[in-house]
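Asker: sharing a model that was predicted from the sequence below.
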Amino acid sequence: MSIDAARLQPMADAIRALSMDAVEAANSGHPGMPMGMADVATMLFTGHLKFDPAAPGWADRDRFVLSAGHGSMLIYSLLHLTGYARPTIEDIRNFRQLGSPCAGHPENFMLDGVECTTGPLGQGLAMAVGMAMAERHLNAVYGDALVDHRTWVIAGDGCLMEGVNHEAIGLAGHLGLGRLNVLWDDNRITIDGATDLSTSEDILARYAATGWHVTSCDGHDFADIERALAEAKADPRPSLVACRTLIGKGAPNKQGTSATHGSPLGQAEVAAARETLGWTCEPFVVPSDILADWHSAAEAGRAAHGAWAGRLEASPRKAEFERRMAGDLPEGFSLDAHIAALIAAPQKIATRKASEIALAAINPMLPETIGGSADLTGSNNTLAGGIGTFNRENYAGRYVYWGIREFGMAAAMNGMALHGGVIPYGGTFLVFTDYARGAIRLSALQHCRVIYVMTHDSIGLGEDGPTHQPVEHLASLRAMPNLLVMRPADAVETAECWAIALAQKERPTVLALTRQNLPQLRHDAGENLSARGGYRLKAAEAARKVVILATGSEVELAMACAAQLEGQGVGADVVSMVSTELFDEQSPAYRADILPADALIVSVEAASTFGWQRYTGTSGLNIGIDSFGASAPASDLFAHFGFTAEKIVPQILNKLKN
């Protein structure tokens with residue numbers, strides 16, 4: 001590839017100008033990274049990235065992830081300059097302002113061309129690993145004609161320092177994801193100052209040790225950048241390109257210092273940068289010839305898209321491919337037959353086992369599911385339905401052995417979901433959502449259909465003790481916006497929860513499942529009652545005075561409490577509160593019927609009582625655990641913490657009297 005530096009330099013400087021102008025106008029932002037990586041990004045977009053601004057959702061486009069999301073003006077500039085419908089120049093003028101799609105950090109739901117929401121450092125790179133996994137899987141299924149693209153990442157020093165980086169790159173190297181290329185902005189500056197304040201590791205050696213190809217380049221020499229990018233593409237391993245750059249390049253008095261990292265340059269320095277760059281245009285103005293050069297960068301991608309569209313049209317698998325990429329379930333998909341079989345032959349099993357049985361029905365019907373576990377396959381019961389191992393010898397496999405990488409697993413599943421064509425689910429213990437929480441939050445923020453199979457959901461796991469017994473986790477997960485948390489009480493509810501989770505195109509799900517066996521409480525088929533969030537499992541026989549809300553393993557206990565109350569002439573409803581989120585989405589009339597104002601509302605859950613007051617009211621009764629657990633057999637723990645009918649019923653009766 002011939003390098004026309006005279007043409008490329010003004011194109012790169014357009015990125016620098018837009019970035020410093022937008023940050024200055026907002027009086028907020030990070031100009032240093034976009035200015036430093038402008039030359040590298042220009043080479044990537046003009047010579048290597050496969051994209052079509054007129055069809056931003058084209059399935060076989062290259063994925064570009066700005067993992068260093070604080071430098072968001074880099075991607076906003078690139079999208080505008082290459083001809084995407086948005087951001088417009090007016091959007092860029094309103095950078096970081098309410099209503100502008102140019103948010104402080106890139107958000108995938110705001111702009112086409114932003115593949116994922118980044119800003120929490122390291123997660124963009126980890127999501128890119130998931131995108132690369134999805135690409136290899138779909139390539140193995142559909143072939144080069146329909147799926148044959150790369151995933152490119154721009155990452156900063158912070159992305160490479162974060163712990164999730166270790167998890168992500170180890171997995172990528174192990175899986176041989178050679179279509180993944182990471183361009184490291186090696187500017188050796190963080191907010192606090194030079195990187196040698198906090199690190200002295202050999203990053204290239206670390207990546208090489210995990211099975212990556214590594215190379216480096218002068219990030220301001222177009223020919224050297226081109227050499228390194230071509231080398232990365234040619235190597236069969238995932239690649240790290242260390243791009244030695246000058247942060248804030250072009251700002252003569254501040255470049256190379258942390259002063260350009262997270263603050264506007266200031267009017268005087270912006271003026272000086274314009275003079276240094278030879279950029280004579282007014283703020284937010286790009287000369288027409290430079291804009292034309294940028295628009296021409298999309299021509300190769302536009303042609304590739306056209307050729308691909310022809311191949312898709314001729315493919316006998318077109319309908320299935322489009323269905324999967326759209327995220328639609330197959331027409332007629334249902335778990336009704338599976339649920340009918342459960343009702344015909346009731347079982348006393350753990351809900352983690354019920355989940356495995358559900359997956360044995362789901363996975364053969366849904367070729368898009370890709371499962372896995374963070375080294376707890378036998379405990380999470382996530383391997384079912386005859387799916388093979390996903391590895392470098394078999395990318396068509398649908399089961400990922402994630403290793404002890406909860407955070408990396410969750411982040412990569414986000415990337416898989418965002419790529420499209422697959423529905424990822426992954427398991428660990430519920431308590432270890434703490435390790436994965438940053439990625440779970442991004443699942444919710446990005447509207448990702450990711451299913452978290454979280455087993456060992458209470459003190460019911462027994463002897464492993466308080467380090468492994470979740471107490472506060474359900475409450476904290478329920479507090480997260482756009483996260484569906486479901487805790488089923490038996491095999492039927494577990495199947496219903498899987499049906500609900502698979503249908504959630506715009507939000508992730510946490511399935512909280514038991515280690516211990518539970519009796520089957522549901523014996524009638526029909527409506528998916530779990531979809532109501534909370535439903536009346538048992539209606540009062542005597543005059544209703546009490547409504548007992550319970551989840552998961554405590555629903556059985558609630559039924560026992562209700563039986564004792566009825567024996568004393570106290571009518572009691574039992575409500576299985578599978579999901580507070582789904583219950584909150586029901587009509588006011590439905591919720592009022594389930595939680596009548598003239599009854600004592602009691603919550604029973606072997607977890608923190610935090611949050612239950614919104615359903616019981618301050619005059620209700622909350623039975624839970626507001627301390628850490630203990631190490632003992634499960635039955636002893638439930639008795640110790642007061643989860644028996646003999647201990648709960650007197651509390652209810654006393655509350656009724658007072």
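Answerer: Now that the structure is in, tell me what you want to look at.
Asker: work out for me the element Val602 sits within.
Answerer: Val602 is part of strand 600-604 when elements are defined by DSSP states H and E.
Asker: can you list the strands that that strand pairs with?
Answerer: Sheet pairing here is set by DSSP bridges, and for strand 600-604 it gives strand 544-550 (parallel), strand 621-623 (parallel).
Asker: so where's the protein uncertain?
Answerer: Within the chain, the segments meeting pLDDT under 70 span 1.
Asker: distance from the longest helix seen in it to the middle of the chain?
Answerer: Using DSSP state H, we find that the single longest helix of the chain is helix 5-26. Centre-to-centre, helix 5-26 and its host chain are 32 Å apart (C-alpha atoms, centre = their mean, to the nearest Å).
Asker: just stretch 300-316 next, same as before
Answerer: In terms of C-alpha atoms, centre = their mean, the centre of stretch 300-316 is set 30 Å apart from its chain centre.
Asker: what residues of it count as buried?
Answerer: Residues of stretch 300-316 classed as buried by neighbour count (16 or more other C-beta atoms under 10 Å): 300-302, 304-305, 308, 312, 315. C-beta here means a position set from N, CA and C on the backbone, and glycine is covered the same way.
Asker: hang on, the earlier thing: mind listing what's buried in the longest helix of the chain?
Answerer: 8-26.
Asker: contact partners for Ala272?
Answerer: Counting by C-beta atoms under 8 Å, 6 or more residues apart in numbering, Ala272 makes contact with 251-253.
Asker: I meant Asp490, not that one.
Answerer: Applying C-beta under 8 Å, 6+ apart, the residues near Asp490 are 351, 354, 518-522, 555.
Asker: need these in CSV with neighbour count, can you?
Answerer: Listed next are the contacts of Asp490 as CSV, based on neighbours: other C-beta atoms under 10 Å:
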residue, neighbour count
Thr351, 29
Ala354, 27
Leu518, 26
Pro519, 14
Gln520, 19
Leu521, 19
Arg522, 22
Val555, 30
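Asker: so of those residues, which ones are in helices?
Answerer: Counted as lying in helices by DSSP H, out of the contacts of Asp490, are 351, 354, 555.
Asker: give me the neighbour count for the nearest residue to the last one once chain neighbours are set aside.
Answerer: Nearest non-adjacent residue to Val555, counting by C-beta to C-beta, 6 or more residues apart in numbering: Ala489, 3.7 Å away. Residue neighbour count, defined by other C-beta atoms under 10 Å, stands at 29 for Ala489.
Asker: I'd assumed Gly552 was in contact with Ala489.
Answerer: Yes - counting by C-beta atoms under 8 Å, Gly552 is a contact partner of Ala489 at 5.7 Å.
Asker: intersection of neighbour lists for those two?
Answerer: What both Ala489 and Gly552 touch, as defined by C-beta under 8 Å, 6+ apart, is the set 351, 518.
Asker: what's around Pro236, how many residues?
Answerer: 11.
Asker: and it, how close does it get to Trp152?
Answerer: 17 Å (C-beta to C-beta, to the nearest Å).
Asker: can I get the strands paired with strand 600-604 in a markdown table including distance to Leu442?
Answerer: Output for the strands paired with strand 600-604, formatted as a markdown table (distance: least, C-beta to C-beta, whole Å):
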| stretch | distance to Leu442 |
| --- | --- |
| strand 544-550 | 31 |
| strand 621-623 | 31 |
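Asker: pick the most deeply packed of the ones you listed.
Answerer: Comparing those by mean neighbour count (mean count of other C-beta atoms under 10 Å), strand 544-550 ranks first with a mean of 24.
Asker: so which residues make contact with that one?
Answerer: Against strand 544-550 from outside (C-beta under 8 Å, 6+ apart): 489, 534, 540, 557-558, 561-562, 565, 570-577, 594-596, 599-605, 612, 615-616, 652, 656.
Asker: next one: stretch 355-362
Answerer: Residues from elsewhere that reach stretch 355-362 (C-beta under 8 Å, 6+ apart): 335, 337-338, 342, 349, 369, 371, 381-385, 453, 455, 491, 494-495, 498, 502, 511, 513.
Asker: list only those of the contacts of strand 544-550 flagged as buried.
Answerer: Looks like the contacts of strand 544-550 have 489, 534, 540, 557-558, 561-562, 565, 570-577, 594-595, 599-605, 612, 615-616, 652 buried, using 16+ other C-beta under 10 Å.
Asker: among those residues, which are in strands?
Answerer: Counted as lying in strands by DSSP state E, out of these, are 534, 571-577, 600-604.
Asker: Gln9: what's it in contact with?
Answerer: 39, 222.
Asker: if you could redo that for Leu502, that was the one I meant.
Answerer: By C-beta under 8 Å, 6+ apart, the contact set of Leu502 is 329, 333, 362, 366, 423, 449, 451.
Asker: mind doing that once more with 7 Å?
Answerer: Listed by C-beta atoms under 7 Å, 6 or more residues apart in numbering, the contact set of Leu502 reads 329, 423.
Asker: which of the buried residues of stretch 300-316 fall within helices?
Answerer: In this view, the buried residues of stretch 300-316 that belong to helices under DSSP H are 300-302, 304-305, 308, 312.
Asker: quick one, the host helix or strand of Glu646 and strand 544-550 angle?
Answerer: For Glu646, the host element (DSSP H and E) is helix 645-657. Going by axes from the mean of the first three to the mean of the last three C-alpha atoms, to 10 degrees, helix 645-657 is angled at 130 degrees with respect to strand 544-550.
Asker: who's in contact with helix 645-657?
Answerer: Contacts for helix 645-657 (C-beta under 7 Å, 6+ apart): 545-546, 557, 560-561, 564-565, 600, 602, 604, 621, 623, 642.
Asker: in it, which residues are buried?
Answerer: Neighbour counts using 16+ other C-beta under 10 Å place 645, 648-649, 652-653 of helix 645-657 among the buried residues.
Asker: okay, these in a markdown table with distance to Glu282 next?
Answerer: Shown next, in a markdown table, are those (distance: C-beta to C-beta, whole Å):
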| residue | distance to Glu282 |
| --- | --- |
| Ala645 | 77 |
| Ile648 | 73 |
| Val649 | 77 |
| Ile652 | 73 |
| Leu653 | 78 |
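Asker: for the residue nearest the centre of the chain, what are its contacts?
Answerer: Nearest to the geometric centre of the chain sits Ser443, at 2.9 Å (C-alpha atoms, centre = their mean). Ser443 is in contact with 414, 450, 508, counting by C-beta under 7 Å, 6+ apart.
Asker: so of those, which ones are in helices?
Answerer: Asn414.
Asker: quick one: which of the contacts of Ser443 is nearest Ala273?
Answerer: Ranked by distance to Ala273 (C-beta to C-beta), the contacts of Ser443 are led by Asn414 at 36.4 Å.
Asker: residues near that closest one, how many?
Answerer: Residues within reach of Asn414, counting by other C-beta under 10 Å, total 28.
Asker: repeat for Asn181
Answerer: When neighbours are defined as other C-beta under 10 Å, Asn181 has 26 of them.
Asker: give me the residues contacting the helix or strand where it lies.
Answerer: Using DSSP H and E, Asn181 falls within strand 180-186. In this structure, residues lying in contact with strand 180-186 by C-beta under 7 Å, 6+ apart are 33, 36-37, 40, 68, 125, 128-129, 132, 150-156, 160, 172, 232-233, 238-245.
Asker: in strands only, show me those residues.
Answerer: Counting by DSSP E, the part of those found in strands is 151-155, 239-244.
Asker: with adjacent residues omitted, what lies nearest to Gly408?
Answerer: Ranked by C-beta to C-beta, 6+ apart and with sequence neighbours excluded, the top spatial neighbour of Gly408 is Glu167, at 2.9 Å.
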